[in-house]
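*Asks:* requesting a structural model of the entry that follows:
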Amino acid sequence: MIDHVALVEDIRRWGTELGFQQIGVAGIELGEDEARLQQWLQAGRHGQMDYMQRHGALRARPAELQPGTLRVISARMDYAPPDIATAWDVLEDGTRGYVSRYALGRDYHKLIRGRLQKLADRIAAQIGPFGYRAFTDSAPVLEKPLARNAGLGWVGKHTLLIHRQAGSYFFLGEILTDLPLPVDAPASAHCGSCTRCIEACPTGAIVAPYQLDARRCISYLTIELRGAIPPELRPLIGNRIFGCDDCQLVCPWNKFARPTGEADFSERHGLGRSALVELFAWSEQQFLQRTEGMAIRRAGYEGWLRNIAVALGNAPTSPAIVAALRTRADDPSAVVREHVAWALARHARDDDQEPAR
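*Replies:* Predicted coordinates:
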């Protein structure tokens, strides 16, 4: 007979050995979260992320996604680089491209899914075959509510998970299982009256506490959105070319964030502070080579150039910036051409406003 209490303690220990900072266990009841999800979808706040609508209530019903599921083993892994504080230096330099700190190294999906598989293998070696399925941001699962219920943190006003001793710079992964493991106590919320994340959002995407309109979120605009970025939002994006961290950078709880110990999450190709002009000159082959195995690939080459064109349009006017934009004025992509034209028009306006000498 399996001692499920002892097994959970083993799972936590094995998880630590595999590089996870915390393991928790949650039940599968997500009724209130399902209702909030449906309201969010009905309001159209998911934008072009049609897969959110297609999966619908399945996200809040783990037992329908994986028949037989009784519990969810939730895991978190830190990703913050050691120099996270220098993020502000890049954001304040309009000639450099800002990449969300989670995306500077290897794509976390494969790494975490692989570790979760190893964790499942350890469990099977201990108790024999059991029913399970592992995920990390790769299936219709309400990861943050499940992690909250597993005691890994609370959902903050910016809708990200926050841990009292670790902040919010971490990835989540889950194992849906048919094991009747004892569940952990849900985490309590500690945002209090703080509204820094709401005030810091460049595009006003956090429309109310705990409510995010993805259609205004820079992470959505620079990663998920296909086609043109709404012109009224382009000036607000600044030099953010892949994702956005502002709501996390201002969060007081992130003073407790710990640098990652995962070498795979280390910055690649100097993308933490690269010059926009240099990035804009990448050929498609260079883009594919230099982003191999990285989350940046998700934007696609066209999206990458579109994002950089917007950032160049927001950069201080200089001959080098204008010259870089002109090299792609006749780009094969209509989307890139549109954003380059917009950027050049902004610099032409700035030139017109320069005082005569």
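
*Asks:* the strands in the stretch 201-350 of the chain, which residues?
*Replies:* Taking DSSP state E, counting those that start in this stretch, the strands of the stretch 201-350 of the chain run over residues 206-208, 211-212, 240-242.

*Asks:* okay, now the unreliable bits of the chain?
*Replies:* Applying pLDDT under 70 to the chain flags residues 55-56, 350-357.

*Asks:* export the strands of the stretch 201-350 of the chain to CSV and tack on distance to Pro332 and mean neighbour count?
*Replies:* Quick note: C-beta positions are derived from backbone N, CA and C, even for glycine. Below are the strands of the stretch 201-350 of the chain laid out as CSV (distance: least, C-beta to C-beta, whole Å; neighbours: other C-beta atoms under 10 Å):
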stretch, distance to Pro332, mean neighbour count
strand 206-208, 37, 15
strand 211-212, 34, 19
strand 240-242, 20, 27
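
*Asks:* I'd like these as CSV, with distance to His339 appended.
*Replies:* Rendered in CSV, the data for the strands of the stretch 201-350 of the chain read as follows (distance: least, C-beta to C-beta, whole Å):
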stretch, distance to His339
strand 206-208, 25
strand 211-212, 24
strand 240-242, 12
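
*Asks:* Asp184 is nearest to which of those strands?
*Replies:* strand 211-212 (26.0 Å; C-beta to C-beta).

*Asks:* strand partners (parallel or antiparallel) of that closest one?
*Replies:* If you go by DSSP bridges, strand 211-212 pairs up with strand 206-208 (antiparallel).

*Asks:* what does the strand it pairs with rub up against?
*Replies:* Residues outside strand 206-208 that contact it (C-beta atoms under 8 Å, 6 or more residues apart in numbering) are 157-159, 197-198, 212-213, 216, 247.

*Asks:* report the distance from that strand to the chain centre.
*Replies:* When distances are taken as C-alpha atoms, centre = their mean, to the nearest Å, strand 206-208 is centred 18 Å away from the chain's centroid.

*Asks:* ditto for stretch 341-351
*Replies:* With C-alpha atoms, centre = their mean, you get 31 Å for stretch 341-351.

*Asks:* ditto for stretch 311-326
*Replies:* The answer for stretch 311-326 is 28 Å, by C-alpha atoms, centre = their mean.
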